[in-house]
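Peer 1: What follows is a predicted structure for the sequence shown.
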Amino acid sequence: MSSDVILRTHGLTRAFHQVKAVDGVDLELRRGEVYGFLGRNGAGKTTTLRMLMGILRADQGEIELMGERVRRVGIAQKRHLGYVSQEQVFYPWMTARELGRFVSGFFAQWDDTEFQRLLRVLDVPETRKAAQLSGGTRMKLGLALALAHRPPLLILDEPTAGLDPVARREFLDILRDQVRREGQTALFSSHLVGEVEEVAHRIGILHEGRLRFQGSLDTLRQSTRRVVEEAMGAPLPAGWTLVRRERLEDGRMARVLFAEPEAWSTGAFPPETVEPLSLENIFLAYARRSDES
Ligand SMILES: Nc1ncnc2c1ncn2[C@@H]1O[C@H](COP(=O)(O)OP(=O)(O)OP(=O)(O)O)[C@@H](O)[C@H]1O
């Protein structure tokens, strides 16, 4: 594994009964980046992140974290990870300061000065009981608790889901600053393209358990376009991938296609049939099944 890759998964797979929640996922996270893990409800994001955290066992596949390849992440690897889950569950009677003391017991590298700095930056009152904190403040407390042992990799499961627009903004700014300041890597899941666009260097799009795209937002924008065609049956030239068949509002059928950015200028399709797509529409093309023709 090259040293600029901090985490890689190899064919990560997990089923619940007959449903493959995660199906052969190959993630690649590079050091120092914010990676946005996009997918609609039920796409398999939480299941993937829980396997990365060692909370769930993979049925198949392996996780390579800082060069060490395992089927299930164990205690030794967890020291390298900080985790903010969807629901922040704390002992309700404990204050932020007490929770810090409690969590510090699990991490030899715990840095209490850093924890206190984070509480200040995040505006979390140190002496108020967790039960009395708002959802947004609880999420920020979760972030401070996850960061204070200075993990090289931070994993956040839809951290902004319950936050109002201002709190969401603040949270994302702090996440981005933290990554820049400490050289950490962050993997965060979301179903909002807009927020991923604001902070992520690279993204992965998950749909029905499969990773449909992985790369930079620029690559995504330049490589994915819509081709409106009369003759839909024509086979695609080599190097082109069908993302989705779409029925347009006027009833015509179109194909959203992926190809290297240069391929779009080779004249494979008449220019008048090619339409650029907004990022939102590109995401929807990857995250929805094809329309019937
Ligand atoms: N413990 C479980 N038992 C049975 N099915 C499960 C379990 N956990 C997840 N699933 C199923 O696996 C699929 C993926 O769920 P997952 O929670 O990973 O998706 P998600 O992308 O995180 O969704 P959301 O954005 O709604 O949190 C869904 O079909 C879900 O119903």
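Peer 2: Thanks, I have it.
Peer 1: Have a look at this structure and report its longest strand.
Peer 2: Within the chain, and with DSSP state E defining each element, the longest strand by residue count is strand 5-16.
Peer 1: looking only at pLDDT, what's the mean for it?
Peer 2: The average pLDDT within strand 5-16 is 96.
Peer 1: The next helix or strand after that strand versus strand 5-16: what angle between them?
Peer 2: Note on strand 5-16: by DSSP states H and E, the next helix or strand toward the C-terminus is strand 19-25. Interaxial angle of strand 19-25 relative to strand 5-16 (axes from the mean of the first three to the mean of the last three C-alpha atoms, to 10 degrees): 150 degrees.
Peer 1: about what we covered before: can you tell me if the longest strand of the chain touches the ligand.
Peer 2: Yes. Residues of strand 5-16 contacting the ligand under C-beta under 6 Å from any ligand atom: residue 16. Just so you know, the C-beta spots here come from the backbone N, C-alpha and C atoms, and that holds for glycine as well.
Peer 1: How about the residue of the stretch 101-250 of the chain found nearest the ligand: what's its closest non-neighbour residue?
Peer 2: Using C-beta to the nearest ligand atom, the closest approach of the stretch 101-250 of the chain to the ligand is made by residue 191 at 5.7 Å. Computed as C-beta to C-beta, 6 or more residues apart in numbering, the closest residue to residue 191 that is not its neighbour in sequence is residue 40, at 5.6 Å.
Peer 1: The ligand contacts on the stretch 151-293 of the chain?
Peer 2: residue 191.
Peer 1: low-confidence ranges in the stretch 151-293 of the chain?
Peer 2: Counting by pLDDT under 70, the ranges of the stretch 151-293 of the chain that qualify are 230-233, 293.
Peer 1: where along it do the strands fall?
Peer 2: Applying DSSP state E, counting those that start in this stretch to the stretch 151-293 of the chain gives strands spanning 153-156, 185-190, 202-207, 210-216, 224-228, 241-247, 253-258, 274-275.
Peer 1: What lies in contact with the first one?
Peer 2: So that's strand 153-156. 6-7, 29, 49, 52-53, 65, 80-84, 143, 146-147, 175, 178-179, 184-189 (C-beta atoms under 8 Å, 6 or more residues apart in numbering).
Peer 1: change it to 6 Å
Peer 2: 6, 49, 52, 80-84, 184-188 (C-beta atoms under 6 Å, 6 or more residues apart in numbering).
Peer 1: and that strand, how far from the chain's centre?
Peer 2: Centroid separation for strand 153-156 versus its chain: 9 Å, with C-alpha atoms, centre = their mean, to the nearest Å.
Peer 1: Tell me which strands it pairs with, and in which orientation.
Peer 2: strand 81-84 (parallel), strand 185-190 (parallel) (DSSP bridges).
Peer 1: Likewise for the last one?
Peer 2: Pairing partners of strand 274-275, with direction, according to DSSP bridges: strand 224-228 (antiparallel).
Peer 1: what's the closest non-adjacent residue to the most centrally placed residue in the chain?
Peer 2: The residue lying closest to the centre of the chain (C-alpha atoms, centre = their mean) is residue 37, at 1.9 Å. Distances taken as C-beta to C-beta, 6+ apart put residue 189 closest to residue 37, at 4.2 Å, once the chain neighbours are dropped.
Peer 1: I'd like to know how many residues surround residue 222.
Peer 2: 15 (other C-beta atoms under 10 Å).
Peer 1: residue contacts, it?
Peer 2: residue 261.
Peer 1: How about residue 259?
Peer 2: 239-240.
Peer 1: could you redo the last one with a cut-off of 7 Å?
Peer 2: Counting by C-beta atoms under 7 Å, 6 or more residues apart in numbering, residue 259 touches 223, 239-240.
Peer 1: Now which of those residues would you call buried?
Peer 2: The neighbour count (16 or more other C-beta atoms under 10 Å) marks 223, 240 as buried among the contacts of residue 259.
Peer 1: Could you single out the nearest of the contacts of residue 259 to residue 258?
Peer 2: Checking the contacts of residue 259 against residue 258 by C-beta to C-beta gives residue 223 as the nearest, at 5.4 Å.
Peer 1: Residues in a beta bridge with the spatially closest residue to residue 246 that is not a sequence neighbour, which ones?
Peer 2: What sits nearest to residue 246 in space, not counting adjacent residues and going by C-beta to C-beta, 6+ apart, is residue 254, at 4.9 Å. Residue 254 has the following beta-bridge partners by DSSP bridges: residue 228, residue 246.
Peer 1: Residue 254: neighbour count?
Peer 2: 19.
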